[in-house]
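Asks: mind looking at a prediction? Sequence and model below.
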Amino acid sequence: MSAQTITVIPGDGIGPEVTEATLAVLKAAGAALEFDERLGGVTALERLGNPLPDETLDSIRTNRIVLKGPLTTPSGTGFRSINVAIRKEFDLYANVRPVRTIVPGGRYEDIDLVLIRENTEGLYVGVEHYIGMEGDPRAAAESVMIVTRFGAERISRYAFEYARRHGRRKVTLAHKANILKYTQGLFLEAAEGVAKEYPDIQWEDRIIDATAMQLVLDPYRFDVLVMENMFGDILSDLMAGLVGGLGFAPAGNIGDQGAMFEAVHGSAPDIAGKGIANPTGLLLSACMLLDYVDQSDVAGRIRAAVDRVVRAGTARTVDLGGSATTREYTLALVAALG
Ligand code: NAD
């Protein structure tokens, strides 16, 4: 098999540490990948004066597949999220976040769910402004939620296709159409229409707040969940919590022309540079990337190694209550690959 070249953006904070660990495991597992490493985020701003340099964008345009470490986004002021910029630039409209139990003995056993979040519309389009003058006691700020029929149908169809491709039985749309009658009403109507094209997949719609409660009370009633951007952002973290937190949560941002894979966690500035970050989120994201480029056999071997090492408990990182460094955990994974 000829090697697939991918763009790798190590990112900020713990990004370079978890990226180094991930690439080491990919190489040890025999992944047929070439890595084109590029800068992005605060690191790129400091070194090249631009958080999303042209050379990084050009590399993504050429390779169309990206493995990305977390990028720091300064809150309130400063530049807008680079993650959002890349998703928009390449129209990566489906954010796919699987969660699966790896460590037994937690609150829930055998969780295996997938959340599919619309990635390009909703409140996160960034259409917001102030109303009134600075210092005016009546000043306000306003954000606009945008839902198009095209976007809602496209993400709903992606969810059903995903369910079919992965042998999953049910798709749940979580929405707030009872209150946001126009935007969420349109989303619901579009999804209902798409559901009719997939009679082989069970379909239901639920109010987002009730869905959040049901996910905690009885997550087993769900399978594939689909929703708009901000709801998906929040519920995917909740779902990561069902399986022990962000350390294990991978994500893929998929479009018709390309894909970007990244861990759900951020750049963890509190532990950056200490060599103790857990690289599993990025490594499992790399496994999604391997599935995407038809190297599922390699992905399967890496997932099995993660399960073996984490379950054995001998080389767990600090966030999992262990004392292993990133490097020790990585070496244990490489050894477990056999
Ligand atoms: P965070 O996920 O970086 O950290 C939250 C907590 O989880 C911290 O205590 C951190 O130490 C811990 N943690 C996170 N990942 C870990 C790992 N792999 N191993 C061990 N512990 C880990 O969230 P935050 O502090 O809210 O955000 C920090 C920065 O990251 C912000 O600038 C934010 O904008 C950015 N961020 C980026 C992305 C992304 O690039 N996709 C996602 C979320 C946040």
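Replies: That came through fine.
Asks: burial measure for residue 212, as a count.
Replies: 17 (other C-beta atoms under 10 Å). (Glycine included, C-beta is placed from N, CA and C.)
Asks: just the element for it, please.
Replies: Per DSSP states H and E, residue 212 falls inside helix 208-217.
Asks: could you give the mean pLDDT of that helix?
Replies: Average pLDDT, helix 208-217: 98.
Asks: likewise stretch 225-239?
Replies: Stretch 225-239 comes out with an average pLDDT of 95.
Asks: the ligand contacts on the stretch 51-200 of the chain?
Replies: Within reach of the ligand by C-beta under 6 Å from any ligand atom, the stretch 51-200 of the chain has these residues: 70-73, 83.
Asks: mind picking the two most distant members of these?
Replies: 72 and 83 (10.5 Å; C-beta to C-beta).
Asks: buried residues in stretch 113-131, which are they?
Replies: 113-125 (16 or more other C-beta atoms under 10 Å).
Asks: would you turn those residues into a markdown table with secondary structure and pLDDT?
Replies: Below are those laid out as a markdown table (DSSP: H, G, I helix; E, B strand; the rest coil; pLDDT from 0 to 100):
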| residue | secondary structure | pLDDT |
| --- | --- | --- |
| 113 | strand | 97 |
| 114 | strand | 97 |
| 115 | strand | 98 |
| 116 | strand | 98 |
| 117 | strand | 97 |
| 118 | strand | 97 |
| 119 | coil | 93 |
| 120 | coil | 91 |
| 121 | coil | 94 |
| 122 | strand | 95 |
| 123 | helix | 92 |
| 124 | helix | 87 |
| 125 | helix | 86 |
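Asks: got those residues as a markdown table, with distance to residue 321 columns?
Replies: As requested, the buried residues of stretch 113-131 are exported to a markdown table (distance: C-beta to C-beta, whole Å):
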| residue | distance to residue 321 |
| --- | --- |
| 113 | 24 |
| 114 | 27 |
| 115 | 26 |
| 116 | 31 |
| 117 | 30 |
| 118 | 35 |
| 119 | 33 |
| 120 | 38 |
| 121 | 39 |
| 122 | 36 |
| 123 | 36 |
| 124 | 34 |
| 125 | 40 |
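Asks: tell me which of those is nearest to residue 7?
Replies: Nearest member of the buried residues of stretch 113-131 to residue 7, counting by C-beta to C-beta, is residue 119, at 18.2 Å.
Asks: ok, for the closest one, nearest residue in space, not its chain neighbours?
Replies: Closest residue to residue 119 apart from its sequence neighbours, by C-beta to C-beta, 6 or more residues apart in numbering: residue 95 at 4.4 Å.
Asks: mind picking out the helix or strand in this protein with the poorest mean pLDDT?
Replies: helix 82-89 (a mean of 80; mean pLDDT, DSSP states H and E).
Asks: count the residues that sit near the closest residue to the ligand within the chain.
Replies: Residue of the chain nearest the ligand, by C-beta to the nearest ligand atom: residue 266 (2.4 Å). Applying other C-beta under 10 Å, we find 17 residues neighbouring residue 266.
Asks: distance check, the residue nearest to it when sequence neighbours are not counted against residue 272.
Replies: Spatial nearest neighbour of residue 266, chain neighbours left out: residue 70 (4.9 Å); criterion: C-beta to C-beta, 6+ apart. The spacing between residue 70 and residue 272, counted by C-beta to C-beta, to the nearest Å, is 10 Å.
Asks: neighbour count for the two, which is higher?
Replies: Ranked by neighbour count (other C-beta under 10 Å), residue 70 and residue 272 place residue 70 first, with 28 against 18.
Asks: any idea which element that one lies in?
Replies: Using DSSP H and E, residue 70 falls within no helix or strand.
Asks: poorly predicted segments of the chain, please.
Replies: Within the chain, the ranges that satisfy pLDDT under 70 run 75-80.
Asks: just the strands from it, written as ranges.
Replies: Assigned by DSSP state E, the strands in the chain fall at 4-9, 33-37, 65-68, 94-100, 112-118, 128-131, 140-143, 170-175, 202-207, 224-227, 250-254, 259-263.
Asks: mind putting those into TSV with distance to residue 157?
Replies: Formatted as TSV, those follow (distance: least, C-beta to C-beta, whole Å):
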stretch	distance to residue 157
strand 4-9	26
strand 33-37	29
strand 65-68	22
strand 94-100	10
strand 112-118	11
strand 128-131	29
strand 140-143	27
strand 170-175	10
strand 202-207	12
strand 224-227	10
strand 250-254	13
strand 259-263	17
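Asks: one step back: and the helix holding residue 212, what does it pack onto?
Replies: strand 170-175, helix 229-242 (3 or more C-beta pairs under 8 Å, 6 or more residues apart in numbering; DSSP states H and E).
Asks: residue 305: which of the ones you listed is closest?
Replies: That would be helix 229-242 among the helices and strands packed on helix 208-217, by C-beta to C-beta, at 20.8 Å.
Asks: show residues contacting the closest one.
Replies: For helix 229-242, contacts defined as C-beta atoms under 8 Å, 6 or more residues apart in numbering pick out 95, 97, 99, 107-108, 111, 113, 115-124, 174-176, 208, 211-212, 215-216, 219, 225, 227, 246, 248-249, 251, 264.
Asks: how about stretch 144-160?
Replies: Under the contact criterion C-beta under 8 Å, 6+ apart, stretch 144-160 has outside partners 93-94, 116-123, 125, 127-128, 171, 173, 180, 183-184, 186-187, 190-191, 193-195, 197-198, 201, 224, 226, 228, 254.
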